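In: Got a sequence here, can you build the structure:
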Amino acid sequence: MAPVRRPHGDPVPVYEDGSDNFTLEVIHGGDFVGSGCNRAYVHGTKVCFDDCDCDSWSALWLEDLIEDLGYETAGRIDVYWLLPGMQIDALSMVSKVKEGRSTIVQEAGIRYFDDLYGVRATVNVYEPKVKKDSKDLSQTGIQINNGPKDQIDSIVVCYSVAPGHGGDRFSRFHVVWNDGVRNMSCVDLNCPGFIQVSHNVGLGGRVQPVSVYNGPQYVINIFVFKDPKTNNWWLAYGEDKAVIGYWPSSLFTRLKDKGDFSFWGGNVYGPTASLDSPQMGSGHFPSEGYGKAAFMKNIQIVDGNNKLVTPNKNKDLIGTSDIRKYSVYGYKVDNHGMHIYYGGPGILV
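Out: You can find the predicted model right below:
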């Protein structure tokens, strides 16, 4: 039986003991204010959907419910869930399923919404465990997007462990671009697109050294920025911001001018990333802190004045797709940018 939207003013249903039915409460149309444990969602409208069935319930029902509320799911709609009685800092993003690819995407990190002309971060490098024969991958990096959900242009710079792609379980450095309008994408130099001008960093090459749990810690510095004269997007690497190459603006439809969204943190992708989730970051929950949990620091953006600045903390959203497997901790903002610990053990919890 499909969930039933409760008319305004109708009584709350009473389910029999042992019933598999439940009520879903949706609060929409509001705004997030504050950050961390002080975050709140205000000015929202509450709508209830009764007679949801545990046996048939799926996150895919949410698309129908969102449309029932008058939203277009083809747009960029993010849906978050919270267990009854939990505080909003335990907010989790509903895992997204990419239709036709059977690819589960889970994440933990910072989502940011603003006009963006560049993004940077210092990334703590680990080698998260992904099963040898798995087609899943675990990656950490920075991402800048523009466009609605089904037509997103994006640039991703990351390290990842992907046995099904690289044939091993080492952390490797990658650059990825995508034009969602023309449905074109490419990783590293596997097709024309990214133009490498320096070979000091090997695309697809192994990242060494990597951090050791409760031992030495190592980082990489990543900076993606738009050249205001040519409109090309450049990649700089290392503390000295040495340029590695660029993405010509002609590759993109919606990123030609600017980005409107960025993500800093970890992702896991793959057909079994939900049921057999690999590790993210160090493979330990971020509450363990420095030397044991993966971190990202010095998170900054390039604004409309072409200045590298600290992001506006009122425009970010910190969270995880599954708080049982991955989480975010230690979020703070200072003159050097945003800083977080993130990651987790995945299914090994």
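
In: Specify the beta-bridge partners of Phe22.
Out: Cys52 (DSSP bridges).

In: er, Phe173 actually
Out: Bridge pairing for Phe173 - DSSP bridges - gives Tyr159.

In: residues touching it, list them.
Out: With contact taken as Cβ atoms under 8 Å, 6 or more residues apart in numbering, Phe173 is in contact with Cys158, Tyr159, Val201, Gly202, Leu203, Gly204, Gly205, Arg206, Val207, Ile220. Every C-beta, even on glycine, is put in place using the N, C-alpha and C of the backbone.

In: after the strand or helix carrying Val175 comes which helix or strand?
Out: Secondary structure from DSSP states H and E places Val175 in strand 172-179. Proceeding C-terminally, strand 172-179 gives way to strand 184-187 as the next helix or strand, assigned by DSSP H and E.

In: Mind listing what's buried along that following strand?
Out: Of the residues in strand 184-187, Ser185, Cys186, Val187 count as buried by neighbour count, 16 or more other Cβ atoms under 10 Å.

In: Return the per-residue confidence for the last one.
Out: Val187 carries a pLDDT value of 93.

In: Going by residue numbers, what spans are helices in the protein?
Out: 61-68, 163-166 (DSSP state H).

In: looking at those, which has the lowest confidence?
Out: helix 61-68 (a mean of 73).

In: and Gly30, backbone torsions?
Out: phi -100, psi -160 (degrees, to the nearest 10).

In: TSV for the helices of the chain, including mean neighbour count and distance to Leu255?
Out: Compiled in TSV, the helices of the chain are given as follows (neighbours: other Cβ atoms under 10 Å; distance: least, Cβ to Cβ, whole Å):
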stretch	mean neighbour count	distance to Leu255
helix 61-68	16	26
helix 163-166	16	24
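
In: and these as CSV, adding distance to Lys325?
Out: Formatted as CSV, the helices of the chain follow (distance: least, Cβ to Cβ, whole Å):
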stretch, distance to Lys325
helix 61-68, 20
helix 163-166, 19
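
In: Of the ones you listed, which is nearest Ala121?
Out: Evaluated with Cβ to Cβ, the helices of the chain place helix 163-166 nearest to Ala121, the distance being 22.9 Å.

In: same for the closest one, what does it pack against?
Out: strand 137-146 (3 or more Cβ pairs under 8 Å, 6 or more residues apart in numbering; DSSP states H and E).

In: what pLDDT, on average, does the strand it packs on get?
Out: Strand 137-146 comes out at a mean pLDDT of 96.

In: Please apply the same query to stretch 341-349.
Out: So the average pLDDT for stretch 341-349 ends up being 84.
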